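Asker: fold the following.
(2 chains)
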2 protein chains.
Amino acid sequence: MPPLTVAFVGASTGRWRIERLETVAGSPLASASRLEVVEGRGAARPAAGAVWVLRGVTSNERYVTSSEHSELAARQEPLGRAGSTRAALIPVRKSEAWWDLAQDQRRRIFEESSHHIATGLEYLPAVARRLHHGRDLGEPFDFLTWFEFAPGYTAAFEELVRRLRETEEWTYVEREIDLRLAQ
Amino acid sequence: MPPLTVAFVGASTGRWRIERLETVAGSPLASASRLEVVEGRGAARPAAGAVWVLRGVTSNERYVTSSEHSELAARQEPLGRAGSTRAALIPVRKSEAWWDLAQDQRRRIFEESSHHIATGLEYLPAVARRLHHGRDLGEPFDFLTWFEFAPGYTAAFEELVRRLRETEEWTYVEREIDLRLAQ
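Answerer: All right, here's what the predicted structure looks like:
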C-alpha cells in the first residue's frame, strides 16, 4: 500500500467525541471536544476552526520480521468495524537518543526487550490499529497510533497501554498524549 | 540530528552545473542546466523559475547495525569539502514489492545479498554522501542520494554506481535518474 497521509483534527465538530485528553508526558495538547479523521489529499489542507491538526503518514513497516508480519496479518482486522464505537489516539514523540540508535539497537529494545509486537498480538483482533509517522514530516509527534475497539473492550485496552508504558522502549518517550474517543 | 528537509532545484540558475542528466530506468526527468540545493525552511517553498523540484528529508538510519554505523562514522567525511567540485544526485524509486517486504527481508537483500553498506565503505572517505527520503512526503522518488567528490575520483565513482546497479537490491528499482554535476 502506498503511504496515506492522515490528519487528526481537534475541533468543536467531528465524527468522534473526545471523552478524555490526558497529557502523559511532555507539553500538553489543548483541549477539544470533537475529533475528525481526514485521509488523503484533504489531510494536507488547513482545517477551518481547528484547535489543532496532527498529521502523519502510513508507511512501510520498520521493525516487523517476515514471520511476525504473517502472524499480524492473520489476526488483525480492519478499521471501521460497526461495533468499534470506541477509539484511542496516542501521539508519541521519542527522544533524539532513540533516533540516534542504529537499526539493530532499536529493534532489540522494541521487541526483544519490550515485546511491543508480541504484546500487541495478544489484543488482536479485538483492537484494530493503524500507525502514522510524523517525524519526517516535521510534525511535533513522531507517531500517531489510532486504535478502534468495542465498548466492552475498554478495560483490556487500558491494560495494553499500561503494559507498553512499563517497557524499556517507553523510557525513550519524551512526549505522550492519550486521547479516548467515542461515537 | 533532527530531520532536515532538502530541495534539489533544477533550473537555469544554481550553484552546480548539470553536466549529465541520464534516465537509467522509468520515466525521464526534464533537462535543466543548473542545480541549486536548498536546505531547511526554504526547501518547502515553491522555487521560482524551476524546471523541477525534488524534495527529501534526512532521517534516522533504516538498515545499518551498530558496528556498521561505527565503521561509517569513523571513515566518512562531511559535505562541502573545498576539493569536492564534482557531485552526483541519484533519485531512485523502488517498487511496491520492495516496500511490502518485512524489515528483515529488506535488510537481507540490502546488505547480506547486495553489500550496499560494505561496498559504499570501500569508497570512503573520497566520496561524501547524504541520503534523503521522499516516499513518506508523497514525492515521486523514494530516495535522493547526493554525493560529492574530487574530479580525480570520477572513474572510481562510476565503478561504485555500476557495482550497486548489478545487485539484487537494484532489481527493485523501477525509476532511476543519474545527474552529474560540477562547480
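Asker: residues from chain A in reach of chain B?
Answerer: Within chain A, the positions adjacent to chain B are A:1-3, A:5, A:57, A:59-66, A:68-69, A:96, A:99-105, A:107, A:133, A:135-138 by Cβ under 8 Å from any Cβ of the partner chain. C-beta coordinates here come from the backbone N, C-alpha and C atoms, glycine included.
Asker: could you give the average pLDDT over the host helix or strand of A:Arg163?
Answerer: Using DSSP states H and E, the element containing A:Arg163 is helix A:154-165. Averaging pLDDT along helix A:154-165 gives 98.
Asker: residues touching the spatially most central residue of chain A, list them.
Answerer: Per Cα atoms, centre = their mean, the C-alpha nearest to the average position across chain A is that of A:Thr145, at 0.8 Å. Under the criterion of Cβ atoms under 8 Å, 6 or more residues apart in numbering or on different chains, the neighbours of A:Thr145 are A:89-90, A:92, A:129-132.
Asker: tell me the buried residues within those residues.
Answerer: The neighbour-count criterion (16 or more other Cβ atoms under 10 Å in any protein chain shown) marks A:89-90, A:92, A:129-130, A:132 among these as buried.
Asker: return the member of those residues nearest to B:Glu39.
Answerer: The shortest approach to B:Glu39 among these belongs to A:His132, at 25.6 Å (Cβ to Cβ).
Asker: nearest residue to that closest one in space, ignoring adjacent ones along the chain?
Answerer: Closest residue to A:His132 apart from its sequence neighbours, by Cβ to Cβ, 6 or more residues apart in numbering or on different chains: A:Gly56 at 2.7 Å.
Asker: before we move on, what about A:Thr23?
Answerer: Among residues not flanking A:Thr23 along the chain, A:Ile177 sits closest, at 5.8 Å (Cβ to Cβ, 6+ apart).
Asker: swap in A:Arg93?
Answerer: A:Arg175 is the one closest to A:Arg93 (Cβ to Cβ, 6+ apart), at 4.0 Å.
Asker: check A:Leu79 too.
Answerer: A:Ala128 (5.2 Å).
Asker: what residues sit buried inside stretch A:98-105?
Answerer: Buried residues in stretch A:98-105, defined by neighbour count with 16+ other Cβ under 10 Å: A:98-99, A:101-104.
Asker: correction: the previous question concerned stretch A:10-25.
Answerer: Residues of stretch A:10-25 classed as buried by neighbour count (16+ other Cβ under 10 Å): A:10-11, A:14, A:16, A:18, A:21, A:24.
Asker: ok, now stretch A:40-59?
Answerer: Buried positions in stretch A:40-59, judged by neighbour count with 16+ other Cβ under 10 Å: A:43, A:47, A:50-59.
Asker: ok, now stretch A:108-121?
Answerer: For stretch A:108-121, burial by neighbour count (16+ other Cβ under 10 Å) applies to A:108-111, A:114-117, A:120.
Asker: pLDDT check: weakest of the buried residues of stretch A:40-59?
Answerer: Note: of these, the lowest pLDDT belongs to A:Ala47, at 82.
Asker: regarding that residue, what is its secondary structure?
Answerer: Secondary structure assignment for A:Ala47 (DSSP: H, G, I helix; E, B strand; the rest coil): coil.
Asker: skipping its backbone neighbours, what lies nearest it in space?
Answerer: Computed as Cβ to Cβ, 6+ apart, the closest residue to A:Ala47 that is not its neighbour in sequence is A:Val9, at 4.5 Å.
Asker: contact partners for that neighbour?
Answerer: Shown in contact with A:Val9 (Cβ under 8 Å, 6+ apart): A:35-38, A:47, A:50, A:52-53.
Asker: how far away is it from chain B?
Answerer: Shown here: A:Val9 relative to chain B, a distance of 19 Å by Cβ to the nearest Cβ, to the nearest Å.
Asker: who does that residue bridge with?
Answerer: Taking DSSP bridges as the rule, A:Val9 bridges to A:Glu36, A:Val53.
Asker: that one and A:Glu39, how far apart?
Answerer: 11 Å (Cβ to Cβ, to the nearest Å).
Asker: over to A:Phe149?
Answerer: Applying Cβ to Cβ, the value for A:Phe149 to A:Glu39 is 20 Å.
Asker: is A:Val57 in contact with A:His133, as I believe?
Answerer: Yes - proximity of A:Val57 to A:His133 meets the contact threshold set by Cβ atoms under 8 Å, at 5.5 Å.
Asker: the residue nearest to A:Lys94 when sequence neighbours are not counted: neighbouring residues, count only.
Answerer: Once flanking residues are discounted, A:Lys94 sits nearest to A:Tyr172: 4.7 Å by Cβ to Cβ, 6+ apart. With neighbours defined by other Cβ atoms under 10 Å in any protein chain shown, the count for A:Tyr172 comes to 21.
Asker: equivalent analysis for the one 10 residues further on, please.
Answerer: For A:Ala182, the number of neighbouring residues by other Cβ under 10 Å comes to 13.
Asker: phi and psi next, for A:Thr65.
Answerer: A:Thr65 adopts backbone torsions of phi -80, psi 170, taken as degrees, to the nearest 10.
Asker: pull the CA atoms of stretch A:132-143 into PDB?
Answerer: Taking C-alpha atoms only, stretch A:132-143 is exported to PDB below (Å, rounded to 0.1, in the frame of the first residue of the first chain):
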ATOM      1  CA  HIS A 132       1.100   7.100  11.300                       C
ATOM      2  CA  HIS A 133       4.600   8.500  11.100                       C
ATOM      3  CA  GLY A 134       5.100  12.200  11.600                       C
ATOM      4  CA  ARG A 135       8.800  12.800  12.300                       C
ATOM      5  CA  ASP A 136       9.900  13.100   8.700                       C
ATOM      6  CA  LEU A 137       7.000  15.500   8.000                       C
ATOM      7  CA  GLY A 138       8.400  17.900  10.600                       C
ATOM      8  CA  GLU A 139       5.400  17.200  12.900                       C
ATOM      9  CA  PRO A 140       5.500  17.600  16.700                       C
ATOM     10  CA  PHE A 141       4.900  13.900  17.200                       C
ATOM     11  CA  ASP A 142       6.900  11.000  15.700                       C
ATOM     12  CA  PHE A 143       3.900   8.600  15.900                       C
END
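Asker: right, I'll call it a day here.
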